[in-house]
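[1] Model the structure of this input:
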Amino acid sequence: MGTGASSTLTETDVLVVGAGAKAAALAAKVHAINGLGLAELSLTAFEKTEPAASWLGRNGMTSGEEPLAIPPIKDVGFPYQSRRQLGEAGDAIDAALLPLSWQRYATERGEYAAWVNSGSPPVRHRDYGEYLGWVLQRATDGVAVRRGHVVELSPDEGGERWLVDVEVPGGAPERHASRALVLTGPGVHRAFPHDPAVASRVFHCDSRREEFAQLPEESACDVAIVGGGESALSCMMFLRGFRPRSRFTVYTPMVPMSRGESFLENRVFSNPDEIEWEALDPTTRRDFVKHSDRGVFDPPSLAAIAYDDRCRFVIGRVSEVFAARGGTGVRLRHHSPHGEAGPEHDFVVNCTGFDLLAQLRELFSERTRAEIEARVGQLWDRPAGTEVPIGRNLELQGMSPRLHIPGLAGLSQGPGFANLGALGLMANRVLQPLIAERTPTREIVQVSTNT
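    Numbering: from 1, shown residues only. Model prediction:
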């Protein structure tokens, strides 16, 4: 074992890398299924910092104060239509999830009535993170959430289980075996070519607060933010409060648009089967994702900066960053409809997005990557714009044991799987193969009838 893992092998049905929103939804569903006696499933989630780390504001760029882009009632059980995936027992499973709902959480804290009476306003990332932590503390039947850093993944010799090597703080390395592996989290920030001489002036979506502290506090500075989606706007909102004297320019490749929240768009996120998403042609699916999810900003955040002359948007793409003013600034290679330009700023933040496949590259050895590509086709160096083969259970098609990557399923299976739009449906899709193997149909019907 390359990582020096212990010879003790711990077995689990589902191993989740990351303890955020998707892990909470899966844990809640496993807890409910086990509690009803439908099956005996086990789930282990590993998080290298703390549960809901991406939301609480203590582990990266986000302050935790940013508004959540979706209403929190789209919680870990939403859309509560498990009958469609899990048969008659789905109604009982949904009912068993209600004690882990956002409404129950807010009620226990004495905040539900005030929230509703205020018009159900957006909550902060921090509030949502605290809710996820609350779920993970209560979803305990068959569930273990542990602190640890997953360092390597490999299939066993029979191709039936994943072997997962984990570094645990203050303990010996561990090895776990799992029949299904779920990769969550945003991934690794996308490559951003820049002159090494200005590396200290180039930040990323996952830069930490202490890194941004080098921006001058008492004097104004000029910050470029490169990206056209939620992470770019979150970055601006954070830095706007963190360094209120500074000026910000967002370079976005498309005309800035706000997210639509009509019934029609929301239905696609929570119930992609209703419009037969998989049957739509690739261009239609890509256009929907681009205009309703990836390339849009949330309206409350846009409203907050509507009259702020420190914030502006510029159309075009930034392909490279060079040193400027003798190394005291940065110069962008900016491509726009008017041609190429070289605007200068003091600092630049790369918010062009994250790459889940790059994260997988780090977790798999060269031999494992070659084995995966022999089964599923070219993956890591595939041509730009080609679709990753993700199946109905949000798994990498052709790979055994199952490797579930919900964050890559937005284009092939429905846009809600890549974000928070349908956490309950995501959990059903991932767990469906295990439930089918463990639970005869007659038992599902009997449990549903008795509940």
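[2] At which residues are the strands of the stretch 301-450 of the chain located?
    311-315, 317-324, 329-336, 339-341, 344-345, 347-350, 354-355, 402-404 (DSSP state E, counting those that start in this stretch).
[3] CSV for those strands, including distance to A89?
    All C-beta spots, glycine's among them, are computed from the backbone N, C-alpha and C. Shown next, in CSV, are these (distance: least, CB to CB, whole Å):
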stretch, distance to A89
strand 311-315, 49
strand 317-324, 50
strand 329-336, 54
strand 339-341, 60
strand 344-345, 57
strand 347-350, 46
strand 354-355, 36
strand 402-404, 21
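[4] Tell me how far the residue lying closest to G142 once chain neighbours are set aside lies from A19.
    Counting by CB to CB, 6 or more residues apart in numbering, G142 lies nearest to N34, which is 4.5 Å off, once chain neighbours are set aside. Per CB to CB, to the nearest Å, N34 is found 19 Å from A19.
[5] Deepest-packed of the strands of the stretch 301-450 of the chain, please.
    Per residue and on average, the most neighbours among the strands of the stretch 301-450 of the chain fall to strand 347-350, with a mean of 26 (mean count of other CB atoms under 10 Å).
[6] what residues does that one touch?
    Identification of contacts with strand 347-350 by CB atoms under 8 Å, 6 or more residues apart in numbering yields 189-190, 192, 194, 201-205, 207, 215, 221-227, 235, 239, 318, 321, 330, 332.
[7] So what are the sheet partners of it and their directions?
    strand 202-204 (parallel), strand 222-226 (parallel) (DSSP bridges).
[8] Pick out the shakiest of the ones you listed, pLDDT-wise.
    Sorting the strands paired with strand 347-350 by mean pLDDT places strand 202-204 lowest, at a mean of 90.
[9] now the next helix or strand after it: mean pLDDT?
    Downstream of strand 202-204, the first helix or strand assigned by DSSP states H and E is helix 209-212. For helix 209-212, the mean per-residue pLDDT is 80.
[10] Tell me the buried residues in helix 209-212?
    Using 16 or more other CB atoms under 10 Å as the test for burial, helix 209-212 gives F212.
[11] contact partners of the helix or strand hosting F269?
    According to DSSP H and E, F269 maps onto helix 263-270. With contact meaning CB under 8 Å, 6+ apart, helix 263-270 is reached by 74, 78-79, 274-275, 277, 288, 292, 414-416, 419, 421-422, 425.
[12] and of the residues you listed, the nearest to E167?
    Nearest to E167, judged by CB to CB, of the contacts of helix 263-270 is N419 at 29.1 Å.
[13] What about that closest one, how many residues nearby?
    The local packing of N419 (other CB atoms under 10 Å) involves 21 other residues.
[14] My understanding was that it contacts G410; is that so?
    Yes. Taking contacts as CB atoms under 8 Å, N419 lies within contact range of G410: 7.5 Å.
[15] now the stretch 101-250 of the chain, which segments are flagged as low pLDDT?
    For the stretch 101-250 of the chain, no stretch is flagged by pLDDT under 70.
[16] where do the helices sit along it?
    102-108, 112-117, 125-138, 209-212, 230-242 (DSSP state H, counting those that start in this stretch).
[17] closest one to V145 among the ones you listed?
    V145 lies closest, by CB to CB, to one member of those: helix 125-138, at 5.2 Å.
[18] follow-up on the earlier one: would you mind confirming that the residue nearest to G142 is in contact with A28?
    No. Counting by CB under 8 Å, N34 stays clear of A28, with 11.1 Å between them.
[19] For the two, indicate the residue with more neighbours.
    A28 (27 against 20).
[20] so that one is in which element?
    Using DSSP H and E, A28 sits in helix 21-35.
[21] Return the angle between stretch directions for that helix and helix 125-138.
    On the basis of axes from the mean of the first three to the mean of the last three CA atoms, to 10 degrees, helix 21-35 is oriented at 30 degrees to helix 125-138.
[22] now helix 21-35: mean pLDDT?
    97.
[23] Show me what it is packed up against.
    Helices and strands touching helix 21-35, by 3 or more CB pairs under 8 Å, 6 or more residues apart in numbering; DSSP states H and E, are strand 9-17, strand 43-47, helix 89-97, helix 125-138, strand 143-147, strand 174-183, helix 423-438.
[24] run the last query once more with 7 Å
    strand 9-17, strand 43-47, helix 89-97, helix 125-138, strand 143-147, helix 423-438 (3 or more CB pairs under 7 Å, 6 or more residues apart in numbering; DSSP states H and E).
[25] Deepest in the core, which of the ones you listed is it.
    It is strand 43-47: most buried of the helices and strands packed on helix 21-35 by mean count of other CB under 10 Å, with a mean of 25.
[26] Which positions in the following helix or strand past that one come out as buried?
    Under the assignment DSSP H and E, the closest C-terminal helix or strand after strand 43-47 is helix 53-56. The neighbour-count check on helix 53-56 (16+ other CB under 10 Å) flags A53, S54, W55, L56 as buried.
[27] Make sure the third one is actually in contact with D127.
    The one in question is W55. No. Counting by CB atoms under 7 Å, D127 is not a contact partner of W55; they are 8.7 Å apart.
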